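1. pasting the sequence and the predicted model now:
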Protein chains: 2
Amino acid sequence: MPQTAGINRRIVLASRPKGAPVAENFRLEEAAIPEPGDGEVLLRTSWLSLDPYMRGRMSDAPSYAPPVGIGEVMVGGTVSRVERSKNPRFPEGALVVAYSGWQDYAVSNGAGLALLDASLATARPSLALGVLGMPGFTAYMGLLDIGNPKAGETVVVAAATGAVGSAVGQIAKLKGCRAIGIAGGADKCAYAVSELGFDACLDHHDADLPTKLRAACDKGIDVYFENVGGKVFDAVLPLMNTLGRIPVCGLVSGYNAERLPEGPDRSPVVLGAILRRRLRVQGFIISQDYGARLPEFIREMTPWVADGKVKFREHVVKGLEGAPAGLIGLLRGDNFGKVVVEVA
Amino acid sequence: MPQTAGINRRIVLASRPKGAPVAENFRLEEAAIPEPGDGEVLLRTSWLSLDPYMRGRMSDAPSYAPPVGIGEVMVGGTVSRVERSKNPRFPEGALVVAYSGWQDYAVSNGAGLALLDASLATARPSLALGVLGMPGFTAYMGLLDIGNPKAGETVVVAAATGAVGSAVGQIAKLKGCRAIGIAGGADKCAYAVSELGFDACLDHHDADLPTKLRAACDKGIDVYFENVGGKVFDAVLPLMNTLGRIPVCGLVSGYNAERLPEGPDRSPVVLGAILRRRLRVQGFIISQDYGARLPEFIREMTPWVADGKVKFREHVVKGLEGAPAGLIGLLRGDNFGKVVVEVA
């Protein structure tokens, strides 16, 4: 269903997934293009970001944000163009970072909209959804503010070629740390080392992951940037050094889980390690905990990206209709880099 | 075996416990009283502190401190009198806080010794092992530095009539918080409320603990001062508010455990709560993380104790030979208040 003039295509949540999402959990609908009122703008989606947190919004389990209702448009960050404007702050033709969700058009009163930096708008607007957007900001604040890495320390991050993990590893290197990545498959691991500059990258499919991680982290682990959980966390925990820090921004390995792993109950092991090695384990939600510090991030990260000190890789899905398969694949680890949907 | 002139009685670790310690894990020995060399002092133990961490020292499982060796004197904090001095900093007859362990006499070169405050020395020297010593300092720093409680917030602590928990609850009240205790038995719970000023105190033997805790914490829990772990932690976790803090200073409910609880593995539940409610969970060891801040604690806590704003209760064991049973009972929760052994 390609886009038709005057029609707003939108992808709604058709049903809540049991385990991994499937195509049937989504439905592509058509609606009239909404009309902006006074003070409002009509936005046309250029790029839609796909991110692991979206799995949480598909579920009605308690979380930090309300779920998407059945029949409602899937949420998501976008780079959008101002198509019509009744708000002087956002002129027609301008590119903005928005939260329009999985649809061609949305109306906004301007709250939460941000004009795209001019240089970024001409270069690669989708970066505002990746390395210079929410995932990069997550990496930057979680690593630097909670992780507080010191030169010479060892930083470990999984999903090392993903939007967040790749930024974590590269920022760790810029701060003088040893960066060890974990990723899915030989191609991603090779890329993490040769292109992103990780000191080593291990394949999480490897049954020997705990042994190999121990060998790669011969001085232990000072900061583990947690975005996956599960067996990676289990391999990391015994290697954490005294006074180590674990910022927790995601647990993607468990997002599709329908039940807890079989026992024994390892929660006392986790608490025991926190006590005996005096670890700090802290969850954060970038938008809610660090919104006010976005300018600081943009100021430091933009030249790093411009100078090639922080590299990025995008996994581009063509067309809004590809978004469901894109998210399903992202949760499986099929993507290689930050997943963005090129909508228009 | 009462004390004999010229003899140093000492209690050594005879064997490592399997599960809960038993009397046979300890052995009372006699040795010659050691001779102080140049710069050294001979200390005679007046009071010996018994504390939950000692269970950890009896085990050779990896921990933050090396284990007591088989045949070695059990470690422990003491209030000791300087019996002979070849160190001008510590005159004969002075009382000092020391780490002489479970014995009548010890020689020290002065490292780690602290002269007892004069008013404390005349009033009740054993307080230097309790509310004005390591347990009080643990409560103070863990609650205020990691817990960071704000007036009106809800603070929960277990072992609420113990050395640490009683101080946590009373300091929380002094800071304008609501303090909810958990303790073992109706007597302790009544004492926590009527004497210590907790807003409520629940019995951990109660099968309805999760329900009653939820009712007592009708605005959720902002700070959980963790010193027990196990079923108390499990009851607390679902009630933690967004941005809650959990300082972890001990996990006494598990110290005697020989194996992990039966499954399912709840460690993903713990990490999931940390992520979704953006909790900060942080272990600390008072002596290693906060040693430099002892004067600040003494300055604020001493008048609180002198003015009766922070009350204390001691559980006094008479005689060094009672120390093994005292520790065994402490780990079972038989004590009511801070356990000290009156040695001489």
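-> Right, received. Where do you want to start?
2. contacts, neighbours, all on C-alpha from now
-> OK.
3. next, count neighbours for A:Gly283.
-> A:Gly283 has 27 neighbours, counted by other C-alpha atoms under 10 Å in any protein chain shown.
4. and A:Glu29, by the same measure?
-> Neighbours of A:Glu29 (other C-alpha under 10 Å): 15.
5. you'd agree it is in a strand?
-> Yes. Assessed by DSSP: H, G, I helix; E, B strand; the rest coil, A:Glu29 belongs to a strand.
6. please report how far it lies from chain B.
-> To chain B, A:Glu29 is 31 Å away according to C-alpha to the nearest C-alpha, to the nearest Å.
7. who touches that residue in this structure?
-> For A:Glu29, the contact set (C-alpha atoms under 8 Å, 6 or more residues apart in numbering or on different chains) comprises A:Arg9, A:Arg10, A:Ile11, A:Val12.
8. wait, which of these is closest to chain B?
-> Using C-alpha to the nearest C-alpha, A:Val12 comes nearest to chain B of those, at 24.2 Å.
9. sorry, back to before: now secondary structure too, for the contacts of A:Glu29, in JSON lines please.
-> Formatted as JSON lines, those follow (three-state DSSP):
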{"residue": "A:Arg9", "secondary structure": "strand"}
{"residue": "A:Arg10", "secondary structure": "strand"}
{"residue": "A:Ile11", "secondary structure": "strand"}
{"residue": "A:Val12", "secondary structure": "strand"}
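10. which one of these has the most neighbours?
-> Counting by other C-alpha under 10 Å, top hit in the contacts of A:Glu29: A:Ile11 with 24 neighbours.
11. per-residue confidence for it?
-> Looking at A:Ile11, its pLDDT reads 98.
12. wait, doesn't it sit right on A:Val73?
-> Yes. The pair A:Ile11 and A:Val73 qualifies as a contact (C-alpha atoms under 8 Å) at a distance of 5.7 Å.
13. what's the overlap in contacts for these two?
-> Joint contacts of A:Ile11 and A:Val73 (C-alpha under 8 Å, 6+ apart) are A:Trp102, A:Gln103.
14. follow-up on the earlier one: now distance to chain B too, for the contacts of A:Glu29, in a markdown table please.
-> Converted to a markdown table, the contacts of A:Glu29 look like this (distance: C-alpha to the nearest C-alpha, whole Å):
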| residue | distance to chain B |
| --- | --- |
| A:Arg9 | 32 |
| A:Arg10 | 28 |
| A:Ile11 | 26 |
| A:Val12 | 24 |
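15. now, the most widely separated pair of those residues?
-> Farthest-apart pair in the contacts of A:Glu29 is A:Arg9 and A:Val12; separation 9.8 Å (C-alpha to C-alpha).
16. tell me the residues that contact both of these two, please.
-> With C-alpha under 8 Å, 6+ apart, A:Arg9 and A:Val12 have common neighbours A:Leu28, A:Glu29.
17. domains of chain A?
-> Here the domain parsing of chain A from automatic domain parsing is A:7-130+A:312-342, A:134-287.
18. B:Ala118 is nearest to which of those?
-> Distance to B:Ala118, taken as C-alpha to C-alpha, is lowest for domain A:134-287 among the domains of chain A, at 34.4 Å.
19. quote the end-to-end distance of the closest one.
-> 8 Å (C-alpha to C-alpha, to the nearest Å).
20. over to stretch A:331-344?
-> 24 Å.
21. for stretch A:136-148, buried residues please.
-> Buried residues in stretch A:136-148, defined by neighbour count with 16 or more other C-alpha atoms under 10 Å in any protein chain shown: A:Gly136, A:Phe137, A:Thr138, A:Ala139, A:Tyr140, A:Met141, A:Gly142, A:Leu143, A:Leu144, A:Ile146, A:Gly147, A:Asn148.
22. out of those, which sit inside helices?
-> With helices taken from DSSP state H, the overlap with the buried residues of stretch A:136-148 comprises A:Gly136, A:Phe137, A:Thr138, A:Ala139, A:Tyr140, A:Met141.
23. what's the most distant pair in those?
-> Using C-alpha to C-alpha, the two most remote members of these are A:Gly136 and A:Met141, lying 8.7 Å apart.
24. mutual contacts of those two, please.
-> Taking C-alpha under 8 Å, 6+ apart as the contact rule, A:Gly136 and A:Met141 touch no residue in common.
25. A:Arg89 - that's part of a strand, no?
-> No. Using three-state DSSP, the assignment for A:Arg89 is coil, not a strand.
26. could you give the number of residues near it?
-> 13.
27. number of residues surrounding A:Lys18?
-> For A:Lys18, the neighbour count with other C-alpha under 10 Å is 12.
28. so it, which of the three states?
-> Secondary structure of A:Lys18, per three-state DSSP, is coil.
29. quick check: the residue nearest to it when sequence neighbours are not counted vs chain B, distance?
-> Counting by C-alpha to C-alpha, 6 or more residues apart in numbering or on different chains, A:Glu258 is the residue found nearest to A:Lys18 once chain neighbours are left out, at 7.0 Å. Going from A:Glu258 to chain B by C-alpha to the nearest C-alpha gives 12 Å.
30. can you show me the helices along the stretch 201-344 of chain A?
-> Along the stretch 201-344 of chain A, counting by DSSP state H, counting those that start in this stretch, helices occupy A:209-216, A:230-236, A:267-276, A:286-290, A:294-306, A:323-332.
31. as JSON lines, those with distance to chain B would be great.
-> Formatted as JSON lines, the helices of the stretch 201-344 of chain A follow (distance: least, C-alpha to the nearest C-alpha, whole Å):
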{"stretch": "helix A:209-216", "distance to chain B": "17"}
{"stretch": "helix A:230-236", "distance to chain B": "7"}
{"stretch": "helix A:267-276", "distance to chain B": "4"}
{"stretch": "helix A:286-290", "distance to chain B": "9"}
{"stretch": "helix A:294-306", "distance to chain B": "19"}
{"stretch": "helix A:323-332", "distance to chain B": "17"}
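32. which of those is buried the deepest?
-> Compared across the helices of the stretch 201-344 of chain A, helix A:267-276 shows the largest average neighbour count, a mean of 22 (mean count of other C-alpha atoms under 10 Å in any protein chain shown).
33. can you read off the pLDDT for A:Ile146?
-> Confidence score, pLDDT, at A:Ile146: 98.
34. so who does it touch?
-> Counted by C-alpha under 8 Å, 6+ apart, A:Ile146 has contacts A:Arg245, A:Ile246, A:Pro247, A:Gln282.
35. so the third one touches A:Val281, yeah?
-> Think A:Pro247. Yes. With contact defined as C-alpha under 8 Å, A:Pro247 counts as touching A:Val281 (5.9 Å).
36. from the chain's centre, how far out does stretch A:180-194 sit?
-> Here stretch A:180-194 is found 18 Å from its chain centre; the criterion is C-alpha atoms, centre = their mean, to the nearest Å.
37. and that stretch, what's buried?
-> For stretch A:180-194, a neighbour-count test (16+ other C-alpha under 10 Å) marks A:Ile180, A:Gly181, A:Ile182, A:Ala183, A:Gly184, A:Lys188, A:Cys189, A:Ala190, A:Tyr191, A:Ala192, A:Val193 as buried.
38. pass me the low-pLDDT residue ranges in chain A, would you?
-> Within chain A, the ranges that satisfy pLDDT under 70 run A:1-5, A:121.
39. A:Leu196 in helix, strand or coil?
-> A:Leu196 ends up coil, using three-state DSSP.
40. mind putting the domains of chain A in TSV, distance to B:Phe26 included?
-> Below are those laid out as TSV (distance: least, C-alpha to C-alpha, whole Å):
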stretch	distance to B:Phe26
domain A:7-130+A:312-342	50
domain A:134-287	25
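41. quick check: residues of chain A near chain B?
-> A:63-64, A:229-230, A:248-251, A:254, A:260-268, A:270-272, A:274-285 (C-alpha under 8 Å from any C-alpha of the partner chain).
42. all set now, cheers.
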